[in-house]
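In: following is a predicted model, sequence given first.
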Amino acid sequence: MIFRHSLRSRIIIAFCFFGGVLGSVFAIIVYISLDYIDDSLIDNRLKQEIDHLSRHYQLNSEVAIPTSPHIKAYLGTTSMPAPFKEMVVRFSEGLHEAYLGKEEYHIAVMTLPNHDNPMYLLYEVSTLEFTEKRKFRIAMVLVTGVIMVAGLGLWIGWLTSRKVIAPVIYLAQKVNKTGPDNLPTDLSKHFYKDEVGVLAQALEQSMQRVEAFVDREQRFTRNASHELRTPVAVIKGAVELLQKKLDNPAAAVQRPLNRIDRSVANMENIIEALLWLSRERASINRQAPFVVLPVVRDTIEQNRKLIAGKPVDINLVAKADPVLKVPSSLFQIALANLIRNAVDHTANGTITVYVHDDRVVVSDTGEGIAQNDLSAVTQPYVRGSGSKGFGLGLTIVKRLCDKLDWQFHIQSEINIGTTAELIFNSSER
């Protein structure tokens with residue numbers, strides 16, 4: 001799940017939304033209450049008039065004149081105007097509301113003692129009740145109030161959010177200031193056991209696991225550096241001793257010795273490259289530039305044994321002879337992996353290594369890679385169906401290029417071939 005809004009924005013929006021909802025509910029209640037109170041006051045006034053007329057009729061046996069000029073009293077419907085007759089004929093005893101044109105009337109129907117005809121009180125309330133214009137004005141006032149309440153909620157949310165997210169900001173700053181060598185393992189002591197405290201404790205536990213992992217990696221690097229270099233040095237010394245002891249070794253002996261010597265040198269390069277990749281901040285020795293073309297030739301010769309017995313040939317096309325200011329072992333490891341990868345996926349055809357001024361290109365006429373799989377070939381343990389390796393060669397090449405700030409591009413088509421490019425950083429040349 002991806003949250004598109006920040007925590008502070010969410011707090012501000014929540015306050016603004018709460019203010020808007022609260023103001024709207026209050027406005028609706030006020031608007032309905034005003035209409036209800038208006039009707040209640042008019043009905044109460046009409047009831048008072050009913051009581052007054054009832055007492056007067058009981059005392060004088062006649063209908064008194066209403067006390068309000070807006071109220072008309074009729075005993076029966078004989079003297080009532082025709083429009084009023086049509087309006088009240090359907091009403092029984094009690095209080096009612098009706099409209100006659102645009103005029104609104106509250107009507108009271110009451111039965112007088114010892115009289116067959118009921119008394120009708122017609123209260124014309126059009127000038128007393130809220131008109132549409134008045135209701136519109138009241139609605140505008142209430143809407144303005146809602147907007148003001150929402151704006152107040154926005155302002156309060158803006159002020160409150162700064163204090164609410166202050167612990168989260170502090171926690172983020174503590175984490176951002178850390179590195180592999182100074183991981184924070186005491187974050188929880190700065191917070192109470194609330195939500196942020198739980199988050200800090202979870203981060204603290206993660207940092208402790210990361211610290212233990214980094215420590216294991218550093219110990220492994222130190223041990224590997226010692227344990228791997230020692231047997232390589234022994235083999236290298238033994239080869240040099242044999243070459244000195246044998247003044248003129250036969251070709252049958254010299255070729256294996258040369259192969260062992262090249263393999264030992266290649267193993268030294270591999271060890272140095274892998275140990276260099278394992279360091280968090282690996283420095284590059286730029287004081288020892290090397291010429292690319294001889295290293296390319298040597299790497300091709302070292303890998304020719306891989307095509308023994310296969311109808312495959314490896315060619316070199318030198319279009320330039322660049323000089324790089326990086327350790328030659330790193331370049332050789334990357335190139336060797338590309339050549340081996342090309343050999344593994346070329347059953348019949350040609351592998352060509354092009355050397356340009358700004359790049360080295362390895363092109364083959366092998367089985368190719370599907371377009372859907374190109375993005376995954378540099379991931380660890382991803383390998384083709386014909387590969388004999390562990391799926392780490394192109395991963396190592398990609399990591400080397402990332403460390404050296406080089407570019408690594410692969411283009412491929414099924415049954416046509418694959419082209420891999422190592423594009424050098426301009427500052428390296």
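Out: Everything's here; your move. Keep in mind it's a predicted model, so treat the numbers as computed, not measured.

In: what count of nearby residues applies to G237?
Out: 11 (other CB atoms under 10 Å). (C-beta placed from N, C-alpha, C; glycine too.)

In: sorry, wrong one. I was asking about L242.
Out: 15.

In: now swap in V175 and tell me
Out: V175, neighbours per other CB under 10 Å, totals 15.

In: can you tell me the element it falls in?
Out: Using DSSP states H and E, V175 sits within helix 166-176.

In: and the residue lying closest to I235 once chain neighbours are set aside, how far is that from A238?
Out: Of all residues not flanking I235 in the chain, V264 sits nearest, at 5.3 Å (CB to CB, 6 or more residues apart in numbering). Using CB to CB, to the nearest Å, V264 is found at 9 Å from A238.

In: also L306?
Out: 25 Å.

In: between those two, tell me which one has more neighbours.
Out: Remark: of L306 and A238, L306 carries more neighbours, 17 against 13, as counted by other CB under 10 Å.

In: so the nearest residue to that one once chain neighbours are set aside, which of the three states?
Out: Closest residue to L306 in three dimensions, ignoring its sequence neighbours and counting by CB to CB, 6+ apart: V343, at 4.6 Å. Under DSSP: H, G, I helix; E, B strand; the rest coil, V343 falls in the helix class.

In: got it, and A98?
Out: With three-state DSSP as the criterion, A98 reads strand.

In: ok, it - contacts?
Out: A98 makes contacts with 87-88, 91, 104-105, 107, as judged by CB atoms under 8 Å, 6 or more residues apart in numbering.

In: H409: which element?
Out: Per DSSP H and E: strand 407-413 holds H409.

In: buried ones in that strand?
Out: Neighbour-count burial for strand 407-413 flags 408, 410, 412 (criterion: 16 or more other CB atoms under 10 Å).

In: can you check stretch 302-309 too?
Out: Quick answer for stretch 302-309 (16+ other CB under 10 Å): 302-303, 306-307.

In: quick one: end-to-end length of that stretch, please.
Out: End-to-end distance for stretch 302-309: 16 Å, by CA to CA, to the nearest Å.

In: follow-up on the earlier one: give me every residue that touches the residue nearest to L306.
Out: 303, 306-307, 310, 312, 314, 351.

In: picking that back up, wasn't the residue nearest to I235 part of a helix?
Out: Yes. According to three-state DSSP, V264 belongs to a helix.

In: what about it, neighbour count?
Out: V264: 20 surrounding residues under other CB under 10 Å.

In: by contact count, what packs against the helix ranked longest in the chain?
Out: Longest helix in the chain by number of residues (criterion: DSSP state H): helix 7-60. Secondary-structure packing of helix 7-60 (3 or more CB pairs under 8 Å, 6 or more residues apart in numbering; DSSP states H and E): strand 71-75, strand 94-100, strand 103-110, strand 119-124, helix 132-164.
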